[in-house]
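Chemist: below are the sequence and a predicted model; questions follow.
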Amino acid sequence: MKIILGSRRHRFVARVSIFLIMVALIAVMAGCGGVKYDLTIASTAGGSVTTPGEGTFTCDEGEEVNLVAEADEGYRFVNWTGDVDEIAGVEDVTTTITVNDDYSITAEFVKQYDLTISSTEGGSVTTPGEGTFTYGYGTVVNLVAVAKEGYQFVNWTCGVGTIADFRAIATTIIINGDYSITANFRVPSISMVAAGEYHTVGLKSDGTVVAVGDNRGGQCDVGGWRGITQATAGDWHTVGLRSNGTVVAVGDNRWGQCDVGGWRGITQVAAGDLHTVGLKSDGTVVAVGDNRWGQCDVSGWTNITQVALFAGAWNTVGIKADGTVIAVGNNTYGQCDVGDWTGIVQVAAYAIHTVGLKYDGTVVAVGENGWGICNVGGWTCITQVATGAVHTVGLRSNGTVVAVGNNEWGKCDVSDWADIIQVAAGAWHTVGLRDDGTLVAVGNNDYGQCDLGDWTLK
C-alpha cells in the first residue's frame with residue numbers, strides 16, 4: 001500500500017511540475033515577445049516609400065522604424081500624413097517613427113512645374129528673379145517687377161490665367177501647370193483708361209489725367225489733377241484716386257456722388273451711374289450718392305479685395321478675399337445673384353448685368369441677357385472683363401479682344417484689335433489700350449468720346 005501511494009504522489013508532483021514549467025515558459029515567451037502593433041505605410045501618386053517599403057508591418061511596442069520616401073521624376077516629396085504624432089520630422093523625406101500603437105501613414109508627393117520668367121527692355125523681375133524655377137502644384141509665388149528710370153511697368157503677359165492681378169507690378173501667381181510669363185515695360189504714356197456713358201478718361205504715367213467727350217456736367221474737367229494712381233468714370237462723373245489714398249471727383253453731383261473729399265486710406269475707386277464706391281486699405285468699403293436701391297449699403301462689408309471697375313448703375317459688387325462675391329442694389333434682372341460664385345479675381349457691372357472673371361481665365365455672368373450680353377460661357381484665357389450698358393468685353397491673354405451684346409454703333413467690332421493690355425466699356429462705346437501706349441476706340445462718338453488719337457504723349 002505504501003508503494004502505491006508513493007507512486008501516485010510522484011505522478012502528482014510530476015504533473016504539477018510540468019504545469020508550473022509550462023506557465024513559466026509562457027511567461028518567458030510573453031516577456032520576450034512583448035506587445036505587437038501594425039504599421040501601415042502607403043504613398044500618393046508621384047513617389048513611393050522605399051524603406052521599409054509599403055504595406056502593413058508588425059512591429060514591437062516602442063520600436064523605432066526608419067522611413068525613406070523617394071519621389072518620381074517630375075514630383076517632389078511634401079510630407080507624411082495620417083498618424084504622424086510619433087514621426088520625428090513630418091516634412092523630412094528621411095525620418096523615423098516610434099511605434100506605440102497601430103499606425104497608418106502616407107507619404108505625400110506633389111507634381112512639379114516650371115515657371116519661366118523674363119522681362120522686356122526697361123525693367124526686370126526681382127522676385128523670384130528671371131529664368132526657370134520649379135515649384136509644386138498649387139504653390140503661390142510672389143512676383144515683383146522693377147522699372148528702370150524713364151520706363152514704366154505695363155503688365156504680365158503669356159501664362160497669366162492664375163496671376164492675381166496681371167497689371168500689378170507686385171502680385172502673385174498660382175502654379176497649376178508649366179508657365180512662361182513676361183514682365184512688360186514701356187516708355188511712359190497712357191497707363192489706363194476708363195469710359196463713362198459719353199466720355200472717356202485716360203490716366204497718364206506722370207499721374208495726370210486727360211478726358212474727352214460729353215462735358216455737360218463738368219465730368220471732363222480733370223486737367224488740374226495730379227498724383228493720380230487710378231481713374232474711373234461713371235455715367236456723368238469722373239473719380240480719381242491719389243497716391244496718398246485720398247480721392248477727387250468732378251461732374252454731376254445731384255446725389256452727392258462727388259462728395260469724396262473726406263475719404264482717407266482708399267486703395268481703389270469705382271463709379272456707378274449716380275454713386276461712387278471706395279475700397280479702404282483694411283478691406284472695408286465706403287459709398288456715397290444715389291441709394292434708392294440700396295447700392296450704397298456697403299458699411300458692413302469686410303475682407304473685400306476689389307470693387308467693380310464700374311460699380312454698376314444701380315448696384316455695387318465686391319470680391320472678398322476668398323474669391324467669393326457680394327452685391328447690393330437693384331436686382332430686377334438678377335444682376336446681384338452672385339452668391340454662389342467662387343474663384344473670382346475681377347468683377348465688372350453695369351445697369352442690368354454683372355460679369356465675373358475666374359482665376360482660370362473663364363467668365364461667368366448674371367442678369368438680363370437681352371442681346372446675349374451674358375453669353376460668355378465659352379470664353380477662355382481672359383485676363384480682364386468690362387461691361388457697357390448692353391454689351392460685355394473680354395481681354396484675352398494674347399492681347400486680342402472679344403465682345404458680345406448689342407452692336408449698335410459698332411461697339412462690339414473689336415475682333416481685329418491686337419496688342420491690347422486693358423479694355424474699358426462705356427455705355428455705348430469700347431476703348432482699348434495697346435502695349436505701346438496708343439489707344440483704339442469703337443462705338444458711339446457723338447461727343448468725341450472716341451477721339452483718342454492725340455493721347456500718346458511720350
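Modeler: Sure, I can see it.
Chemist: which residues in the stretch 201-350 of the chain form strands?
Modeler: In the stretch 201-350 of the chain, the segments counted as strands under DSSP state E, counting those that start in this stretch are 209-213, 228-233, 237-242, 247-251, 266-271, 275-280, 285-289, 304-307, 315-320, 325-329, 344-349.
Chemist: can I get those strands in TSV with distance to Cys59, mean pLDDT and mean neighbour count?
Modeler: Using the backbone N, CA and C atoms, a C-beta is placed for each residue, glycine as well. Putting the strands of the stretch 201-350 of the chain into TSV (distance: least, Cβ to Cβ, whole Å; pLDDT from 0 to 100; neighbours: other Cβ atoms under 10 Å) gives the following:
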stretch	distance to Cys59	mean pLDDT	mean neighbour count
strand 209-213	73	96	22
strand 228-233	63	96	24
strand 237-242	64	98	26
strand 247-251	67	98	23
strand 266-271	57	97	24
strand 275-280	57	98	26
strand 285-289	58	98	23
strand 304-307	50	96	22
strand 315-320	48	97	25
strand 325-329	52	98	23
strand 344-349	49	96	26
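Chemist: who wins for proximity to Gly55 among these?
Modeler: Across the strands of the stretch 201-350 of the chain, Gly55 has its closest neighbour in strand 344-349 (44.3 Å, Cβ to Cβ).
Chemist: where does the prediction get shaky in the stretch 151-300 of the chain?
Modeler: 159-160, 188 (pLDDT under 70).
Chemist: kindly recompute the last result at 80.
Modeler: When the per-residue scores of the stretch 151-300 of the chain are filtered using pLDDT under 80, the ranges that remain are 152, 158-161, 186-189.
Chemist: got the contact list for the residue most central in space within the chain?
Modeler: Closest residue to the average C-alpha location of the chain: Ala164 at 4.4 Å, with Cα atoms, centre = their mean. For Ala164, the contacting residues are 171-173, 345, taking Cβ atoms under 8 Å, 6 or more residues apart in numbering as the criterion.
Chemist: and of the strands of the stretch 201-350 of the chain, who's closest to Val187?
Modeler: When these are ranked by proximity to Val187, the top entry is strand 209-213, at 17.3 Å, counting by Cβ to Cβ.
Chemist: circling back: so which of the strands of the stretch 201-350 of the chain comes closest to Glu70?
Modeler: strand 344-349 (37.3 Å).
Chemist: could you check the angle strand 266-271 makes with that closest one?
Modeler: Relative orientation of strand 344-349 and strand 266-271, computed by axes from the mean of the first three to the mean of the last three Cα atoms, to 10 degrees: 40 degrees.
Chemist: any residues touching strand 344-349, and which ones?
Modeler: Counting contacts by Cβ under 8 Å, 6+ apart, the residues outside strand 344-349 that touch it are 164-165, 306-312, 315-319, 323-325, 327, 335, 338, 354-359, 364, 384-387, 392, 425.
Chemist: tell me the buried residues in stretch 322-340?
Modeler: Within stretch 322-340, the residues that count as buried by 16 or more other Cβ atoms under 10 Å are 324-331, 333, 335-336, 338.
Chemist: would you mind writing the CA trace of stretch 280-290 as CSV?
Modeler: Output for stretch 280-290, consisting of C-alpha atoms alone and laid out as CSV, is shown next (Å, rounded to 0.1, in the frame of the first residue of the first chain):
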residue,chain,number,x,y,z
LYS,A,280,-10.3,101.0,-48.0
SER,A,281,-6.9,99.5,-47.1
ASP,A,282,-8.5,97.5,-44.3
GLY,A,283,-10.8,95.7,-46.7
THR,A,284,-13.9,97.7,-45.8
VAL,A,285,-15.9,99.8,-48.3
VAL,A,286,-17.5,103.3,-48.3
ALA,A,287,-20.0,104.7,-50.8
VAL,A,288,-21.8,108.0,-51.5
GLY,A,289,-24.6,109.0,-53.9
ASP,A,290,-27.9,107.7,-55.0
